[in-house]
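> Generate a structure from the sequence data that follows.
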Amino acid sequence: MGGNRSALALALCLATAACVARPDGSETRTLESRSYGFIGELLGGEPGSPVTVEASLTLPPPGVGAPPYPALVLLHSSNGQGSQDWLYARRLSEAGIAVLAVDSFDGRGVSHTVRDQTLVSTASMLADAFGGLDVLSADPRIDPARIGVLGFSKGAIAALYAAYRPVAARAARSSRRFALHLAYYPWCGLRLHEPVTTGAPVLIQTGALDDLVPPERCAELIAASRGAAGPPNMRLVVLPEARHAFDHPMLSMFGNLPISAPSPAFCRLQQQADGSFVETSSGRAVNGANLNEALAGCSRMGHAGGNEAADSAAFENTLAFLNAAEF
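Alright, predicted model coming up:
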């Protein structure tokens, strides 16, 4: 999403019921994390810069389930923490699942990354995700064996790639791993040299009309992860007539909203045997210093839009996925 974010959000909040507040009774948590400029730094073993970020913990309401609860670390989109995160915190807690909604931006002095995704990298959000896993694992009200991660758009990239062993080995500060991964419309253009997953189940949900992060990239990622059929623990659901951010409450009135910032729709970053990355369409080496420039040639403008049917179907899929994993 992008362009005139504050004005659009304010207008929608005043004119509709699109605004969703942080759930009553949510608890503020802090977690120790790290910041990186590029995922190559994380995978290369660089320590990153220490940072403290805040998160909001929402537990199921009284009478819904009993502790220790299953839980999800929630990672926001490039618009930052807001109505979408609170909507899912409510939905999931009412289903008996605790939610730790991490704010990856404020602690780093960033409000959004719509026009410059390098302001907070995927590697930084990966570090946040595993920091959230540690916080939840230490809470006696949470079942440490049933902690997953869910992300939207930018956050979904981190939620998805946390399922790969080389990433988890570098991003986690302990031996803990996520029990499952839920990714709503992620960019799937990153290819690891050793794309071996942890074995935890992965559900990717995206829209058939998503021209910002096309579903074809995710199908390619699954196929590249383990043969032509893809690894059996990874599933891609493509929702018909749905665009990017189809479930966002602020887009409920818009089925087709042009986005003013480009997205790396056609970009593919391939990790080489030496750990470096190359954008395959141009053959250009990519690092934290030239990432925006390297992706410019394979990016394009696109659209976002709400779709009530896709929203409902995706959440039903999410609940079924969680139930199948005995959450």
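
> need the contact list for L150.
Residues in contact with L150 (Cβ atoms under 8 Å, 6 or more residues apart in numbering) are L72, V73, L74, L75, Y88, A159, H181, L182, A183, Y184, T318. (Each C-beta comes from the backbone N, C-alpha and C, glycine too.)

> Now do the same contact list for the first one.
For L72, the residues meeting the contact criterion (Cβ under 8 Å, 6+ apart) are L92, I97, A98, V99, L100, I147, G148, V149, L150, L182.

> Can you report how many residues neighbour the second one?
Which is I97. For I97, the neighbour count with other Cβ atoms under 10 Å is 26.

> hey, where'd the strands end up in the stretch 51-200 of the chain?
Assigned by DSSP state E, counting those that start in this stretch, the strands in the stretch 51-200 of the chain fall at 69-75, 98-103, 142-152, 181-184, 190-191.

> Now do the second one: everything it contacts.
Going back to what we said before, that points to strand 98-103. Identification of contacts with strand 98-103 by Cβ under 8 Å, 6+ apart yields 29, 31, 53-60, 69-76, 80-81, 85-86, 88-89, 92-93, 128-129, 131-132, 135-136, 141-142.

> Repeat the analysis, applying 6 Å as the threshold.
Residues outside strand 98-103 that contact it (Cβ atoms under 6 Å, 6 or more residues apart in numbering) are 54-59, 69, 71-75, 81, 85, 89, 92-93, 128, 132, 136, 142.

> Tell me which strands that strand pairs with, and in which orientation.
In the sheet, strand 98-103 lines up against strand 49-58 (antiparallel), strand 69-75 (parallel) (DSSP bridges).

> of the contacts of strand 98-103, buried ones?
55-59, 69, 71-75, 81, 85, 89, 92-93, 128, 132, 136, 142 (16 or more other Cβ atoms under 10 Å).

> follow-up on the earlier one: any idea which of the contacts of L72 is closest to E293?
Set against E293, the nearest of the contacts of L72 by Cβ to Cβ is V149 (30.4 Å).

> What's the local residue count around the closest one?
30.

> That one and L136, how far apart?
Separation of V149 from L136 (Cβ to Cβ, to the nearest Å): 10 Å.

> next one: V73
V73 is 7 Å from L136, by Cβ to Cβ.

> Check the offset of stretch 253-267 from the chain's centre.
From the chain centre to the centre of stretch 253-267 is a distance of 17 Å (Cα atoms, centre = their mean, to the nearest Å).

> just stretch 154-164 next, same as before
5 Å.

> swap in stretch 267-278?
Between the centre of stretch 267-278 and the centre of its chain there are 21 Å (Cα atoms, centre = their mean).

> Show me what counts as buried in that stretch.
Neighbour-count burial for stretch 267-278 [16+ other Cβ under 10 Å]: C267, R268, L269, Q270, Q271, F277, V278.

> CA atoms only for that stretch, dumped as PDB, please.
Provided in PDB are the C-alpha atoms of stretch 267-278 (Å, rounded to 0.1, in the frame of the first residue of the first chain):
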ATOM      1  CA  CYS A 267      12.600  -9.300  -9.200                       C
ATOM      2  CA  ARG A 268      14.400 -12.500  -8.200                       C
ATOM      3  CA  LEU A 269      17.300 -12.400  -5.800                       C
ATOM      4  CA  GLN A 270      19.300 -15.600  -6.000                       C
ATOM      5  CA  GLN A 271      21.900 -16.400  -3.300                       C
ATOM      6  CA  GLN A 272      25.100 -17.700  -4.700                       C
ATOM      7  CA  ALA A 273      27.300 -20.400  -3.300                       C
ATOM      8  CA  ASP A 274      29.600 -17.800  -1.700                       C
ATOM      9  CA  GLY A 275      26.600 -16.200   0.100                       C
ATOM     10  CA  SER A 276      26.300 -13.200  -2.200                       C
ATOM     11  CA  PHE A 277      23.100 -12.300  -4.000                       C
ATOM     12  CA  VAL A 278      22.400 -11.600  -7.700                       C
END
